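In: Provided below for reference: sequence and predicted model.
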Amino acid sequence: MTTPSDDRTDLEAQARDWLVRLTSGRATTVDAQDFKRWCGRSPLHAQVMAEATRLWDATRPAAEAVAQRMRAAELTPRGSVAAIAHPGRRYFLGAALAAGVAAFVVVRPPARLWPALSDMTADYSTATGEQRQVVLADSVVVEMNTQTSFNLARGAEGEPAALDLLAGEAQVLLNAARTAPFTLTVGGGKLVAAAGSRFNVRATGPEVCVTCLAGSVELDYGGRVLVAAASQQINYGQRRAELARAPDLSTVNAWRDRVLVFNDTPLSAVVEEINRYRPGRLIVTNAELGRRKVQARLRLEQLARIETLIGASYGAKVTTLPAGIVLLG
């Protein structure tokens, strides 16, 4: 005979399985109906699902940070800034994960849930929907977008700190009076920017996108070196790197004005981006709907009820479920 604690443990495992299925990109209408019935089986079912979803949203940046560092370790050469041992909270987390102390480990988010260890993974981080500005001591301003985390790696005595972006999106502004170049590591690459430079870096998927807005940014990735001047963009990851002209600087900068801009973007990609800014989760369950192209300019304040707008604009069926999950089919 199972005890109440055993029952709850089993329900927590089932809730994690449901989140994995619903966020896999392969969820069907049948899955949605089964999930709705599962949540309605008892108040405890609904409560456990709500708790699991809150944990998912609260710790997603931390798990993405762990995944980013694990991917970066495959490509980072010994002796680089990212490879320098940095004892402290992050060392403890790495040891805990390696030892199996954590209940769940994410390699490719969002494959599984993970424990709430986000506070231990980064020197600076932002929650879902949060944006903040960090001013470093050596004439560096870092503007952080939602679900972003980074660490500071101290060099030798007298050398400026390097920034290690774990996941998310940030814009870095360097004072023109700065005497030393600035180093940032992300996704297995090392970026070096001169004084007076300004650049935007986004690491929310398997590739990193770096847009130079002023000055210049040099990338060293897997032994290949690329230099982006103002209005140029570097995309790299999965052992390739490309330099091109930035398509639209106003779109790159829009998040700093709390605006999202979509130009002929599939609705499935739009929803994934929106999910970074709002609690709960929107899930497109209709493949044809997900392929519909979107041309929109949305303020972050509009995202709280964005499912209503999507339903009215694209004829999508909107199903609201417990734990802030909304199905669009």
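Out: The structure has been received and is ready for your questions. On a predicted model such as this, the values are computed, not experimentally measured, just so you know. Numbers count the residues shown, from 1 in each chain.

In: so V142 bridges to which residues?
Out: Following DSSP bridges, V142 is listed with bridge partners V134, V172.

In: just give the nearest non-adjacent residue to N263, would you?
Out: Distance criterion C-beta to C-beta, 6 or more residues apart in numbering; nearest residue to N263, sequence neighbours excluded, is Q295 at 6.3 Å. All C-beta spots, glycine's among them, are computed from the backbone N, C-alpha and C.

In: what helix or strand is the one you found on?
Out: strand 293-299 (DSSP states H and E).

In: which residues sit against that strand?
Out: The contact list for strand 293-299, computed with C-beta atoms under 8 Å, 6 or more residues apart in numbering, reads 254, 258-267, 270, 274, 306.

In: for stretch 209-227, same thing?
Out: 75, 171, 174, 188-203, 228-236, 239, 241, 243, 246, 249, 252-253.

In: right, and G324 touches A52 too?
Out: No - with contact defined as C-beta atoms under 8 Å, G324 does not reach A52; the gap is 11.1 Å.

In: which of the two has more neighbours?
Out: Between G324 and A52, counted using other C-beta atoms under 10 Å, A52 has the larger neighbour count: 20 against 17.

In: over to that one. Which of the three states is it?
Out: Three-state assignment for A52 (DSSP: H, G, I helix; E, B strand; the rest coil): helix.

In: before we move on, what about L163?
Out: strand.

In: bridged to the closest residue to it other than its chain neighbours, which residues?
Out: Nearest non-adjacent residue to L163, counting by C-beta to C-beta, 6+ apart: L184, 4.5 Å away. Per DSSP bridges, the residues bridged to L184 are L163, L191.

In: burial count for L184?
Out: 26.

In: the one 5 residues further on now?
Out: The burial count assigned to G189 is 26, neighbours taken as other C-beta under 10 Å.

In: what's the pLDDT at it?
Out: Note on G189: pLDDT of 95.

In: leaving out chain neighbours, which residue sits closest to it?
Out: Nearest one to G189, counting by C-beta to C-beta, 6+ apart, is Y221 at 3.8 Å.
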